[in-house]
Structure formats: C-alpha cells, structure tokens
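S.K.: Predicted structure and sequence below. I'll ask about it afterward.
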Amino acid sequence: MPVDINDLRYIISEETGIPFDKIRSDSKLVSELGIGGDDGYELMELLSNKYNVDLSNIDFYPYFGDESISLVYMLISSILAWLAFFNLIPPGEYPDLTVNDLQRILSTAPLKKSFHIP
C-alpha cells in the first residue's frame, strides 16, 4: 500500500509536536528529530495501526534502543555524523531511520491479518 510522504510527515508532526516544515523526507528520526526509545516504538505502533500493516517482523531495537540510552545514542550518533560530514572519519553504518525509510517500510509491509470470528 503506497504511503504518501507528506501524510507521513504530518502524522510524525502531530504525534511529536515537531513542526511539519522541520520534518524533511531525509530527516533522521533519532539523531535529527529526537524520536528514539519508547517514543520510536510508540510511533511505529501508531503507524502500524494507521496503515494496518504488520511490522512485527522488523527489529527496531538497533534504531531506537531503549529510553534509557536514547539521549546518549543521540549525542554519540550526532557527533559521529558531524565527524563523517567533515571527513574526519570514514562514513560508516550508523543505523538511523529516515522518514523516507519509514515510507518504504510502511509501503512494503504486509497487511495485518484480520481474524473473522463467526
């Protein structure tokens, strides 16, 4: 099911209080928007329900961790991003979902199975 990027940005804005115009399609959820830990999991649950898709087979822990380390993770990932930006360290695999990534995940995720009770 195709997911409109602007609808997704609007939902993220409404749920987080981040102004719509501050959320770009390439915005990183944790290091740029501060959506990590429990907030990240809650957003995934909300999106799963909104779009009626099954996200249970996706491990979001590498992206969101848990609430107790999200601030530390944000700080470290921000520092690493700046170091990579200025070519002080080679770009690496620092997992950080973008809004585009979310759109792709939601668009390709299987629909939730509905149970019909006779």
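M.R.: Nice, thanks for sending it over. Numbering: from 1, shown residues only.
S.K.: what about the chain, any weak spots by pLDDT?
M.R.: For the chain, the stretches with pLDDT under 70 are 66-94, 115-118.
S.K.: Which parts of it are strands?
M.R.: Counting by DSSP state E, the chain has no strands at all.
S.K.: Let me see the ranges of the helices in it.
M.R.: Secondary structure of the chain (DSSP state H): helices located at 5-16, 37-51, 61-64, 67-85, 99-108.
S.K.: Can you check what angle separates the first one from helix 99-108?
M.R.: Meaning helix 5-16. If you take axes from the mean of the first three to the mean of the last three C-alpha atoms, to 10 degrees, helix 5-16 sits at 110 degrees to helix 99-108.
S.K.: counting contacts, what elements does helix 5-16 pack onto?
M.R.: On a contact count with 3 or more C-beta pairs under 8 Å, 6 or more residues apart in numbering; DSSP states H and E, helix 5-16 meets helix 37-51, helix 99-108. The way it works is simple: take the backbone N, C-alpha and C, and place the C-beta from them, glycine included.
S.K.: Just the buried positions in that helix, please.
M.R.: Neighbour-count burial for helix 5-16, counted by 16 or more other C-beta atoms under 10 Å, picks out 5, 8-9, 11-13, 16.
S.K.: wait, which of those residues is closest to Asn57?
M.R.: Comparing the buried residues of helix 5-16 against Asn57 with C-beta to C-beta places Leu8 closest, at 20.2 Å.
S.K.: any idea how far the closest residue to that closest one other than its chain neighbours is from Ser114?
M.R.: With sequence-adjacent residues excluded and distances taken as C-beta to C-beta, 6 or more residues apart in numbering, Leu8 is closest to Gln103, at 5.5 Å. Distance of Gln103 to Ser114, given as C-beta to C-beta, to the nearest Å: 24 Å.
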